[in-house]
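**Q** attaching a predicted model along with its sequence, questions to come.
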Amino acid sequence: MTDLRLALYQPDIPGNTGTILRLAACLGFAVDLIEPAGFDVSDRNLKRSGMDYIAAAALTRHVNWERFVAWRATTGRRLILASTKAADRYTDLVFRSDDILLFGRESAGVPDHVHETADARILIPVVKGHRSINVAVSAAMIVGEAMRQTVWV
Ligand SMILES: C[S@@+](CC[C@H](N)C(=O)[O-])C[C@H]1O[C@@H](n2cnc3c(N)ncnc32)[C@H](O)[C@@H]1O
């Protein structure tokens, strides 16, 4: 297990969360699910995409943003937001081994107050004219870079 964590802000597509939980189980990072989600955790699409890996993933559910903020305050961990509105490339950030990597909801990202709460905001640059990358794919890219820097060294 790595000490890195990945947080999902009110995700609304169960297949994406299932894909991320499978990645989490395989790479050994924990996941924080910030509710409300747009689906029930018993959703069959979540189970289909996460398969038996869901049971192996270290998943913590937070009933809302405020409870997640209160929990994080007890940990001293940085919050790193992946955002299409960020200015800094994710490859330029020096990750810490206990960072929490936060990803927004598929339909709307995160609200401004969440954007401002983050200790850093990072971007995967995309070709001009395109809006965003699938959340599970962007999570795989950024977790991969964070682990390259902090685990696979
Ligand atoms: C489908 S996107 C959300 C799209 C939303 N309209 C927005 O602009 O934030 C879901 C999440 O994936 C992550 N994401 C997608 N593309 C990204 C990119 N190019 N750079 C950084 N994060 C990205 C972000 O965390 C985003 O909130």
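**A** Cool, got the structure. Numbering: from 1, shown residues only.
**Q** residue numbers of the chain in contact with the ligand?
**A** The chain has residues 82-84, 103-104, 106, 108-109, 123-124, 126, 132-133, 135, 138 near the ligand, with proximity defined as C-beta under 6 Å from any ligand atom. The way it works is simple: take the backbone N, C-alpha and C, and place the C-beta from them, glycine included.
**Q** buried subset of the residues you listed as a PyMOL selection?
**A** The buried residues among the residues of the chain next to the ligand can be selected in PyMOL (16 or more other C-beta atoms under 10 Å) with this line:
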select buried, resi 82+83+103+104+106+109+123+124+135+138
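**Q** strands - which of the residues of the chain next to the ligand land there?
**A** 82, 103, 123 (DSSP state E).
**Q** tell me which helix or strand residue 113 sits in.
**A** Using DSSP states H and E, residue 113 falls within helix 112-117.
**Q** which residues touch that helix?
**A** For helix 112-117, the surrounding residues in contact (C-beta atoms under 8 Å, 6 or more residues apart in numbering) are 9, 65, 69, 79, 81, 83, 85, 102, 104, 121.
**Q** list of residues touching stretch 86-103?
**A** With C-beta under 8 Å, 6+ apart as the criterion, stretch 86-103 contacts 2-9, 32, 72, 75, 77-82, 110, 114, 118, 120-125, 135, 138-139, 141-143, 145-146, 149-151.
**Q** gap between residue 95 and residue 59?
**A** 22 Å (C-beta to C-beta, to the nearest Å).
**Q** so which of the two has more stuff around it?
**A** Taking neighbours as other C-beta atoms under 10 Å, residue 95 and residue 59 compare with residue 95 leading, 22 against 18.
**Q** shouldn't the more buried one be within a strand?
**A** No - going by DSSP: H, G, I helix; E, B strand; the rest coil, the assignment for residue 95 is coil, not a strand.
**Q** how much space separates it from residue 148?
**A** Distance from residue 95 to residue 148, by C-beta to C-beta: 9 Å.
**Q** what's the residue nearest to residue 3 when sequence neighbours are not counted sitting at in phi/psi?
**A** Nearest in space to residue 3, with sequence neighbours left out and distances taken as C-beta to C-beta, 6 or more residues apart in numbering, is residue 98 at 4.5 Å. Main-chain dihedrals, residue 98, degrees, to the nearest 10: phi -120, psi 20.
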